[in-house]
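kindly return the folded structure for what I paste below:
(chains A and B)
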Amino acid sequence: MQKLKLVMVGNGMAGVRTLEELLKLTPDLYEITVFGAEPHPNYNRILLSPVLAGEQTFEEIILNPLSWYEENGITLHTGRKVVKIDRRNRKVIADDGTEAEYDRLLLATGSNPFILPIPGNDLDGVIGYRDIADTETMMETAKTHKHAVVIGGGLLGLEAANGLKLRGMDVTVVHIGDWLLERQLDRTAGELLQKSLEDRGLKFLLPQFTSELLDDGDGRVCGVKFKDGSVIPADLVVMAAGIRPNTELAESAGLACNRGILVSDTLQTYDPRVYAIGECASHRGIAYGLVAPLFEQAKVCANHLAMLGYGRYEGSITSTKLKVTGIDLFSAGEFMGDDSTEQITLSDPIGGVYKKLVIKDDILVGACMYGDTADGGWYFRMVKERHNIREIRDHLMFGENAIGDTGHQGQNKAANMPDDMEVCGCNGVCKGTIVKAIQEHGLFSVDDVKKHTKAGGSCGSCVGLVEQIVINTVGGAADVKPKSEKPVCGCTDLNHGQVRKAIREHHLTSIPEAMAFMEWRTPNGCATCRPAINYYLISTWPGEAKDDPQSRFINERAHANIQKDGTYSVVPRMWGGVTNASELRRIADVADKYNVPMVKVTGGQRIDLLGIKKEDLPNVWKDLDMPSGHAYGKSIRTVKTCVGSEFCRFGTQNSTQMGIDLEHALFNMWSPHKVKLAVSGCPRNCAESGIKDVGIIGVDSGWELYIGGNGGIKTEAGEFFVKVKTEDEVMEYSLAFLQLYREEAFYLERTVHYMQRVGMEHIKQAVLEDAERRKALHERLLFSLSFEQDPWKERIEKEELKQEFRRIAVKQIEGVNA
Amino acid sequence: MNWLDICALEEIPRLGSRVIDGPKGDIALFRTSEDEVFALDDRCPHKGGPLSQGIIYGKQVACPLHNWQIQLESGEAIAPDVGCTHRYPTRVEGGRVQVVLEKARESA
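Okay, here's the model as predicted:
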C-alpha cells in the first residue's frame, strides 16, 4: 500500500510527541517529513533555564537525537523554515525552496516571544527567551557585559533573570503587574517570592512601564527608559513579556486564527487535512503555554491521525512550578478564587511559607503554595480527580500526612528527601537515581520511571513518592493522571471505566470478543490487560463468561502462591480461624510426607505450608482434605474473628459464628483486589476490624459495620458505615457492599481506593438508602457465587484440570534429521 | 540436528506452557495464539523466575516474579531490561512438537 504523506512544520516538543504517539499506534501508515527552523533535533525546551543557570548542558536536554529520526524513517530538514503552504496542491515550501507534498499536515510552529512595540526594540542586545540560540546569546553576553534587564516578571522572565544573575550579571526585572507571577500566584505568595529573589541579589521595578530602549550610538542597547522618565543602564535586554502563538504561516494560508490557530477537539483546523498542536493552537479559546496540556493534545491528535478517531481533547487543568533551584512554588487549577469559592490559607511570612487552597462545592479546584510545596503533587491530583474533600477538610491544609505510611522510613514527602534516600524499598531505588533517569531520558510519567528504574514497579506503595519526584523534577510537564483516566495499558486508549462499560453494555463475554470489539492494538493483549478483562467478564456475566486460566496470574492459575524459588505455598481454609485436632493432624502429616521446609501461622488466622513443588499441589490438597484458602487470589481471603461471647468474659456477640457464616457465604468470591473481613465480639476489637475491607464490631445492641480499612502498604482505618441489629442484616449489608465493589471498582483497586474515588455518599446511597437495591446487590452476589466451586476440589476430581501441574517426561529420542 | 519428539501440540494450552527436563535444568515450551511453539530455559535472566509460569501474549512472556518481559523468539528481555535466556530450536511436525536440546540425551 502506498503510504500517506505526513508533513510536520515545527520540530518541538508538542509536534515530536505527536509523532511518537502516532508511531506507537501505527508505525507504517505515514511517510513522515519534518521541517524545523532551528538547527537542532528535538530538545527539552523547558530545561533551557537549568542550562542557562549552568546546571545542565545542551547535550543533556536533547530528547530525540538525530538517530531517532533515522530509526523511524523520518525525513528531517533542520534549519529550514517553511514559508508557504499551498493548500490547493497540498504542499509546503521552505525558505530554501525545499518542497514537500502532504496528505496530512501538522502545524506545530510554537510561539514567539512578544516583543514590546517600543523604540529601540530592534537594537543589538535585545532578545527574546525562546530557544537554544537565545540561551547562547545570554551566556555569551554574560561573559563580556555587566547590566541585564529582563522585561517581564513571569515564569520565563524570572528563570532568565536567575540564570543571568548566576552567570555574574547585575540583573533588574521590570514588570508591569503589581506582583510577580500574577498569573500563577496570588499577591501574598508573589511578594514572598520577590523578597526571596531580592535576597539572592536580583532587583525589581514594579509596577513599571518601559517606554524606550536607548541606543549607545553603535546600534547596541545601552539603557532602558521608563514612562516616568527614569533610566537604568542595560547591555542586554531580555523580553519575556509573554508569548504569541506563531500563526503567521497558518494565516498566510487562509486558516482561521484568533490568538492561535483555531482547532477542534480533534486538533483539526478549518481545513480538516491540516492539524495544529501545541503553543500555536487555540483550543476553545485557550492557547496553552505549558508542556503537560501539549502532551495531552499530542495523544488525541495522534489518535486521529492514526484514523482511530475516538480521542477527544477537552482542555486541561494545568500546574506550574518555577525552575529556580532553591525556590519552591507551586500552583494548580483555579488558585485565585472568586465569589463562588471558599479559601483556606496558611500564612507565615517570617518563615517564608504560604499556602492557599481554593474550594468550590466541596471540591478542591485550585492550590497555590510558596516555601513548602511538598504536597503540591497531592493537591494537583485532587484538583484533577475532583475528589469530594468534605470529610478531610479539617486537615486538608496539613497535607498528605504521615499516618501509617510504612516502609519508606515514614517519608511521604519527596521534596525533603536527600538524593541517597531509598524511595522504592522493593527494588532498592534511591531518589537520586530516579531524578537522574528523569533528566537523562526525558521522562514525564510514573510509568516511564517504572520502566527505566523499576521504582514503583513492585508493591506500588511508593508510586505517590515517585509521582512527587516527577512533578518536582519536570514541574508542569509531569504527566500525572488518576487511574480513572489512564488507559488500561499500552494495548488500548480506553480506561478501566470505559472497558467495564463496553463489556456490560455490549454483552461481551469472552476476551477475544472484547478485544475485537474495543479494537485492541495487540493480538492477545498483555500481562496487564488480560487479567483485568478476565475479571470484568466473569464479574459482569457470571455463568456466561468463561474464566480464562491463561489470563490469570500464575497464583490464581495454580491456586497457590509462587515463591522466589519457583515453589508454592499452600494455605488451607480454616473457617473463621477455627480448626480442630483432625485438621491439624492432617496438616502435620502433609508437612512430613512432602518434606515441607516451613510451616507458618499467617496473619489471617490459618496455617501456611511453604516450599511445595508445583507437581505435588493436587496431592497435597487431596491429603489435606480441606478447602482452598484463596490466600493467592484477588478474592475473598479470610474472615478473622475473636473468641466472642461463647467463651470471652467481655464478649457481647458471637463473633466467631458470625465470621464463619460470612466466610462460608463469601467462599470462592473473585473480586477486583483481595478482600479481607474481620468480626470482633466487643469494642475491644481483638480481631482488628478497623483495618479490614469490611470490619464488623459486635456491641451490646447489635453490630457496627466499617468499610474500606486496610492494614497493608498504607494503613487506612475503616470508615463507619452502618449499625444493624441482626446477623441477617450483617450478612445482607456486607454482601451488598462487596457486590457494589465487585461491580464498580477497577481491577486492582482496593476498597479504600474505590471509596476514595466514588465517595462514601455514593456507597451509602446504593446500599443503605435504597433497600431494594441492597437486596438486588445481595442477590446478584449470591447468583454469581452459585457458579463457583472449591478450586482445589475441582482439581483433585477433574483429570483435565491436572495438566497445569504435570511436567512432560522426555522419553525417547527420534533421530529425525532436519 | 537431533529433533526430539516431545508431545502433541494440543498438550500445550494456547497462550500457555509446559515444562520438560533439559540437560541443564528445566526447559519451558510455550504455545502462542498462532500455534507457534518456542522453547526457552525456564529461568528468567533477572532472578531465575520460572518463565513457564508467566502470562503469554503475542510472542512474549511476562516473568511471574518481577514482570520482566521476555521475547520467545530470541530469549531476550525487552528494554529497558537487559538479559537473555537460552533458546532451543523447535518445530511442529504433523501435530507433534519437536525440540533440539543442546546436548541431546544419549539414553532414555
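
alpha carbons only for contacts and neighbour counts from here, please
Will do.

phi, psi for the residue nearest the centre of chain B please.
Closest to where the C-alpha atoms of chain B average out (CA atoms, centre = their mean) is residue B:39, at 2.8 Å. The phi/psi pair for residue B:39 (degrees, to the nearest 10) reads phi -130, psi 130.

give me the neighbour count for residue 95.
This is for chain A. Residues lying near residue A:95 (other CA atoms under 10 Å in any protein chain shown) number 13.

right idea, wrong chain: chain B
Residues contacting residue B:95 under the criterion other CA under 10 Å number 11.

what sits against it?
For residue B:95, the contact set (CA atoms under 8 Å, 6 or more residues apart in numbering or on different chains) comprises B:8, B:9.

and the pLDDT at it?
pLDDT recorded at residue B:95 is 93.

my guess is the residue nearest to the centre of chain B contacts residue B:26, does it?
No - at 10.4 Å, residue B:39 does not count as touching residue B:26 under the criterion of CA atoms under 8 Å.

how about the residues of chain B by chain A?
B:1-7, B:14-16, B:18-21, B:33, B:48-50, B:53-58, B:62, B:64-66, B:80-81, B:105, B:107-108 (CA under 8 Å from any CA of the partner chain).

and residue A:21, that one's in a helix?
Yes - under DSSP: H, G, I helix; E, B strand; the rest coil, residue A:21 falls within a helix.

what's the burial count for it?
Per other CA under 10 Å, the neighbour tally for residue A:21 reads 20.

equivalent analysis for the one 4 residues further on, please.
Using other CA under 10 Å, residue A:25 has 21 neighbouring residues.

distance of it from residue A:66?
Look at residue A:25 and residue A:66: by CA to CA, to the nearest Å, they are 22 Å apart.

tell me the buried residues within the residues of chain B next to chain A.
Using 16 or more other CA atoms under 10 Å in any protein chain shown as the burial test, the residues of chain B next to chain A include B:2-7, B:14-16, B:18-20, B:33, B:48-50, B:53-58, B:62, B:64-66, B:81 as buried.

these two touch, right, residue A:160 and residue A:49?
Yes - between residue A:160 and residue A:49 there is a contact under CA under 8 Å: 6.6 Å.

which one's more surrounded, these two?
Neighbours were counted for residue A:160 and for residue A:49 using other CA under 10 Å; residue A:160 has more, 29 against 24.

phi and psi next, for the more buried one.
Residue torsions, per degrees, to the nearest 10, at residue A:160 are phi -60, psi -50.

cool, residue A:330 as well?
Dihedral angles (degrees, to the nearest 10) for residue A:330: phi -150, psi 140.

how about the one 5 residues further on?
Geometry field for residue A:335 lists phi and psi as phi -80, psi -10, criterion degrees, to the nearest 10.

report the contact partners of the nearest residue to it once chain neighbours are set aside.
Nearest residue to residue A:335 in three dimensions, chain neighbours excluded: residue A:366, at 4.2 Å (CA to CA, 6 or more residues apart in numbering or on different chains). Residue A:366 is in contact with A:331-337, A:357-359, A:379-380, A:383, counting by CA under 8 Å, 6+ apart.

6 Å instead, please
Residues in contact with residue A:366 (CA atoms under 6 Å, 6 or more residues apart in numbering or on different chains) are A:332, A:333, A:334, A:335, A:357, A:358.

possible to save the residues you listed as a markdown table with distance to residue A:575?
Shown next, in a markdown table, are the contacts of residue A:366 (distance: CA to CA, whole Å):
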| residue | distance to residue A:575 |
| --- | --- |
| A:332 | 50 |
| A:333 | 51 |
| A:334 | 53 |
| A:335 | 53 |
| A:357 | 49 |
| A:358 | 50 |
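
which one of those residues has the most neighbours?
residue A:332 (28 neighbours).

shouldn't that residue be within a strand?
Yes - applying three-state DSSP, one finds residue A:332 inside a strand.

which residues are in contact with whichever helix or strand residue A:696 is part of?
Assigned by DSSP states H and E, residue A:696 belongs to strand A:694-699. Strand A:694-699 is contacted by residues A:652-653, A:677-682, A:689, A:703-707 when judged by CA under 6 Å, 6+ apart.

ok, now with 8 Å
For strand A:694-699, contacts defined as CA under 8 Å, 6+ apart pick out A:652-653, A:655, A:676-683, A:685, A:688-689, A:703-709, A:718, A:734.
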